[in-house]
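# model this:
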Amino acid sequence: FYGRINIKKANSFLFFTDLGIVKNLIHYLKYKNQEEIGQFLGDWHGQILKEEGHLSEIDYVIPVPLHRKKMRSRGYNQVALFAKQIAFHINADYVDDVLIKTANTKTQTKKSRLGRWYENRSLYEIKNSHLLENKNVLLVDDVITTGATMEICANTFKEINGVNIYLTSMAVVPKA
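Numbering: from 1, shown residues only. Okay, the predicted model is just below:
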């Protein structure tokens, strides 16, 4: 997504590989009801971000949302506790009700970048956009694979006056 959207800073905490422990951690977080993994990783990453001072001017931390049906079936957004802990450490407000997922989609884990982008291009909307005017927003996701989800989420903010977008994730899939 570099160059396609206006991002002030982006980072990821860990590398996600097929044979690594990070894959297992994220799998347990998302599919095995191990929500506390998100809190642990958020505390760890949040402390590092605080010490480095790179995100000291963030006003709002916003997790990439789940659709309400997926939220109901899983019981929680796997990114929520991660994002909450980051917000705590960088002294920002955690807000999970301004970015809304409007359609329920199937898992994207096996889709190409184009497939992810095409399917997601109008899946998110902003509520109460006036709250975000002239603010610094940190969008948080679990895994950045192709960047399509973050790109589409970030694009939903483009009409808001003066908003600055920053990105972080639990993990990123390194390019081969």
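# What's the first helix or strand after the helix-or-strand element of the chain with minimal mean pLDDT?
Confidence across the helices and strands of the chain bottoms out at helix 113-120, with a mean of 54, counting by mean pLDDT, DSSP states H and E. Per DSSP states H and E, helix 113-120 leads on to strand 124-126 as the next helix or strand towards the C-terminus.
# Which strands and helices lie in contact with that next one?
Based on contacts counted as 3 or more C-beta pairs under 8 Å, 6 or more residues apart in numbering; DSSP states H and E, the elements that strand 124-126 packs against are strand 99-101. From N, CA and C alone the C-beta is placed, and that goes for glycine too.
# mind listing what the strand it packs on pairs with, with the direction of each?
Using DSSP bridges, strand 99-101 pairs in its sheet with strand 124-126 (antiparallel).
# Next, the buried residues of the partner strand.
Within strand 124-126, the residues that qualify as buried are 124, 126, counting by 16 or more other C-beta atoms under 10 Å.
# Next: stretch 33-51.
The neighbour-count criterion (16+ other C-beta under 10 Å) identifies 35, 37-38, 41-46, 49-50 as the buried residues of stretch 33-51.
# where along the chain do the strands fall?
Per DSSP state E, the chain has strands spanning 9-15, 60-63, 93-94, 99-101, 124-126, 136-144, 164-172. These are given in chain order.
# For the protein, just list every one of the helices.
Shown for the chain, the helices assigned by DSSP state H span residues 21-31, 36-52, 68-74, 80-90, 113-120, 148-155.
# Wait, V61 touches A87, no?
Yes: contact status for V61 versus A87: in contact at 3.8 Å, counting by C-beta atoms under 8 Å.
# what's the overlap in contacts for the two?
When contacts are counted by C-beta atoms under 8 Å, 6 or more residues apart in numbering, V61 and A87 are jointly contacted by 93-94, 138.
# Just among the residues you listed, which is most surrounded?
For the shared contacts of V61 and A87, counting by other C-beta atoms under 10 Å, the largest number of neighbours falls to L138: 26 neighbours.
# residue ranges with poor pLDDT in this protein?
Counting by pLDDT under 70, the chain has low-confidence residues at 1-2, 106-122.
# If we use 90, what do you get?
Scanning the chain for pLDDT under 90 picks out the ranges 1-6, 54, 56, 74, 103-123, 146, 148, 175-176.
# any idea which residue of it is furthest from its center?
In the chain, the greatest distance from the average C-alpha position (C-alpha atoms, centre = their mean) is reached by L19, at 22.9 Å.
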